[in-house]
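Undergrad: Just need the structure, nothing else, for what follows:
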Amino acid sequence: MKALQGVEGHVEWREHAEQACDVGQVRIRVAAAGVNRADLLQRAGLYPPPPGVTDILGLECAGVISEVGAGAPWNVGDRVCTLLAGGAMAEQVVVDARHVLPVPSGLSLQQAAGMVEVYATAWLNLFQLAGLRPGEKVLLHAGASGVGSAAIQLCKAFGNPVWVSVGSAERLAYCEGLGAQGGVVRGEGLGGLADFGPFDVILDPVGGKYAELNLKCIASDGRWVLIGLMGGKDAAIDLAQVLAKRVHLMGSTLRSRDEVFKAELLAELAQQVWPLFSEGRLDPRIAATFPITEAEEAFNELAGNQVSGKVVLIVDESLG
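TA: Alright, predicted model coming up:
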């Protein structure tokens, strides 16, 4: 089979050995795969896969099951999407059957390819780790990103007013169209966020210089969940404010979680979130699609920080 790998700062679509489909696993013929910032970092040699995980790029994909291992509760021909620690950007992939979800009715495989990672990330960090309760106020940095797009919609669906920081007026309008109450444009100053606070939960993929702002904007007993370091790893934190406000600061990653954790997360996603797609209350936001042969262009599109929603690579257009 062919698969996409990061090679010295670029990507190559090249031959790769197939994996056997074992007990409790399924083989998926891949239609499309989502592109995430982890893929950009891995391409650059800055984020190697966890031990024992393939070096093929890609954390999520959608397609059609072509083989079912013993004990796996799926059938050949099922349309599915899946979360992986690596390997999604390939003609086929073998995965733990517990990490597979059905494609919601009415959605294409290309739409489903960009769903699992962002909705799993948003659900894990907002509702599981931060324990978001109805009516609590949320601040999302990078609100127009794939995770931000998913988080805004989930907040709206579960009764949480949400504000964002974004890179342009167009992206702010995009977020408001998804259900955000408002927000600020990064280049016009972030201080205005304090006017919308205090926030009970802050979802932060930026870190770095945003730390001081977060402490200023967060409510007493607020939960600040750090999921990325787009703004750098170094920050000066006023610990007196952390103490006085009883702030809960949590670091969170999903890729390195074990198989049981991911299985339980996806089972909850299937119950709590997936029905909302069929009801029309959630909408996967695909900003752009590229054929797998133009993967370098797709990666550069995401790296340009102008994307609202997800970038998806089309691996097999014939699957729909």
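Undergrad: quick one: G86 and L313, what's the gap?
TA: Distance from G86 to L313, counting by Cβ to Cβ, to the nearest Å: 15 Å. Quick note: C-beta positions are derived from backbone N, CA and C, even for glycine.
Undergrad: These two - which one has more neighbours?
TA: L313 (30 against 22; other Cβ atoms under 10 Å).
Undergrad: Tell me the secondary structure at that one.
TA: Secondary structure assignment for L313 (DSSP: H, G, I helix; E, B strand; the rest coil): strand.
Undergrad: Quick check: it touching M89?
TA: Yes - under the criterion of Cβ atoms under 8 Å, L313 makes contact with M89 at 6.2 Å.
Undergrad: shared neighbours of the two, which are they?
TA: 4, 33, 292, 295 (Cβ atoms under 8 Å, 6 or more residues apart in numbering).
Undergrad: need the next SSE after the strand or helix carrying the second one, C-terminal direction.
TA: Just to be clear, that refers to A33. Using DSSP states H and E, A33 falls within strand 25-35. Next along the chain after strand 25-35, taking DSSP H and E as the criterion, comes helix 37-43.
Undergrad: all strands of the stretch 201-320 of the chain, in order?
TA: With DSSP state E, counting those that start in this stretch as the criterion, the stretch 201-320 of the chain has strands at 218-226, 248-251, 286-291, 310-314.
Undergrad: got CSV for the ones you listed, with distance to L126 too?
TA: What follows is the strands of the stretch 201-320 of the chain, written out as CSV (distance: least, Cβ to Cβ, whole Å):
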stretch, distance to L126
strand 218-226, 8
strand 248-251, 11
strand 286-291, 22
strand 310-314, 18
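Undergrad: Which of the ones you listed has the highest mean neighbour count?
TA: strand 310-314 (a mean of 26; mean count of other Cβ atoms under 10 Å).
Undergrad: and that strand, how far from the chain's centre?
TA: Mean-position distance between strand 310-314 and its chain equals 13 Å (Cα atoms, centre = their mean, to the nearest Å).
Undergrad: Parallel or antiparallel, list what pairs with it.
TA: Its sheet considered, strand 310-314 pairs with strand 25-35 (antiparallel), strand 286-291 (parallel) by DSSP bridges.
Undergrad: between the ones you listed, which gets nearest to S149?
TA: S149 lies closest to strand 286-291 among the strands paired with strand 310-314, at 8.9 Å (Cβ to Cβ).
Undergrad: In three-state terms, label the residue nearest the centre of the chain for me.
TA: In the chain, the residue lying closest to the centroid (Cα atoms, centre = their mean) is V118, at 2.4 Å. With three-state DSSP as the basis, V118 sits in helix.
Undergrad: dump the residue contacts of it.
TA: Here V118 is in contact with 34, 146-147, 149-150, 310 (Cβ under 8 Å, 6+ apart).
Undergrad: Helices of the stretch 151-300 of the chain, residue ranges please.
TA: 169-178, 210-217, 239-245, 259-272, 274-278, 295-303 (DSSP state H, counting those that start in this stretch).
Undergrad: and of these, who's closest to Q111?
TA: helix 274-278 (9.1 Å).
Undergrad: hey, C-alpha coordinates of that closest one in PDB?
TA: This file holds the C-alpha atoms of helix 274-278, laid out as PDB (Å, rounded to 0.1, in the frame of the first residue of the first chain):
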ATOM      1  CA  TRP A 274     -22.700  11.500  17.700                       C
ATOM      2  CA  PRO A 275     -26.500  11.700  17.800                       C
ATOM      3  CA  LEU A 276     -26.300  15.500  17.500                       C
ATOM      4  CA  PHE A 277     -24.900  15.200  14.000                       C
ATOM      5  CA  SER A 278     -27.900  13.200  12.700                       C
END
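Undergrad: quick one: buried residues of that helix?
TA: For helix 274-278, the buried set under the neighbour-count rule, 16 or more other Cβ atoms under 10 Å, comprises 274, 276-277.
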